[in-house]
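Enquirer: give me coordinates for this.
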Amino acid sequence: MSDTLKPGLTATCRIDVDTARTIGFMGEELRVYSTPSLLYDVEVACRDLILPHVGEGKDSVGTRVELDHVGATMLGMWVEITVTLAEVNGPAVTFEFTARDAVEEVGRGKHSRFVVGLEKTAQRLKAKQAKATGA
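Expert: Next comes the predicted model:
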């Protein structure tokens, strides 16, 4: 990992809330940004922030989420997600994040990720698949 991966790194991304990112179970008129979509968008924002700092052949995987989804964002609105790297402990990294739409804060929380080597991860997954197939 690069020595540029330090607490304080921050990034903001804007997401357009399209139909695929909304719940539909309350009917078409009540479509709002779904919590699973918010979580996914936070994970992507965190990964995108650190990826240039982890080195070739490495990536990161999510390990923990604390998420408060505190406001509804309607279909067609946008959400800005701001992620800030709060802690680096070897390959373990922790972020704080906020999400807001044009009117209010709609989400906040913490997200932890772990930097992994792609080759080692592939080997571990192949070994697990072999065990699952042989079981």
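
Enquirer: so which elements touch the lowest-mean-pLDDT helix or strand in the chain?
Expert: Ranked by mean pLDDT, DSSP states H and E, the weakest helix or strand in the chain is helix 118-134, scoring a mean of 94. Counting contacts by 3 or more CB pairs under 8 Å, 6 or more residues apart in numbering; DSSP states H and E, helix 118-134 packs against strand 58-69. Yep, even glycine has a C-beta here, placed from its N, CA and C like the rest.

Enquirer: show the subsequent helix or strand relative to the strand it packs on.
Expert: With elements assigned by DSSP states H and E, the helix or strand that comes after strand 58-69 is strand 78-89.

Enquirer: now tell me what touches the least confident helix or strand of the chain from outside.
Expert: Helix 118-134 has contacts (CB atoms under 8 Å, 6 or more residues apart in numbering) with G57, K58, D59, V61.

Enquirer: for R21, state which of those is nearest.
Expert: When the contacts of helix 118-134 are compared for distance to R21 (CB to CB), V61 comes out closest, at 22.2 Å.

Enquirer: that closest one contacts F114, correct?
Expert: Yes - here V61 reaches F114: they are 5.6 Å apart, a contact under CB atoms under 8 Å.

Enquirer: before we move on, the earlier item: got the CA coordinates for the least confident helix or strand of the chain in CSV?
Expert: C-alpha atoms of helix 118-134 as CSV (Å, rounded to 0.1, in the frame of the first residue of the first chain):
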residue,chain,number,x,y,z
LEU,A,118,-6.1,-10.3,-5.9
GLU,A,119,-4.0,-13.3,-6.5
LYS,A,120,-4.1,-14.5,-2.9
THR,A,121,-7.8,-13.9,-2.8
ALA,A,122,-8.3,-15.9,-6.0
GLN,A,123,-6.3,-18.8,-4.5
ARG,A,124,-8.3,-18.7,-1.3
LEU,A,125,-11.6,-18.7,-3.2
LYS,A,126,-10.6,-21.6,-5.4
ALA,A,127,-9.6,-23.6,-2.3
LYS,A,128,-13.0,-22.9,-0.8
GLN,A,129,-14.8,-23.9,-4.0
ALA,A,130,-12.9,-27.1,-4.1
LYS,A,131,-14.0,-27.9,-0.5
ALA,A,132,-17.6,-27.0,-1.3
THR,A,133,-17.6,-29.2,-4.4
GLY,A,134,-16.1,-32.1,-2.5
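
Enquirer: thanks a lot, catch you later.
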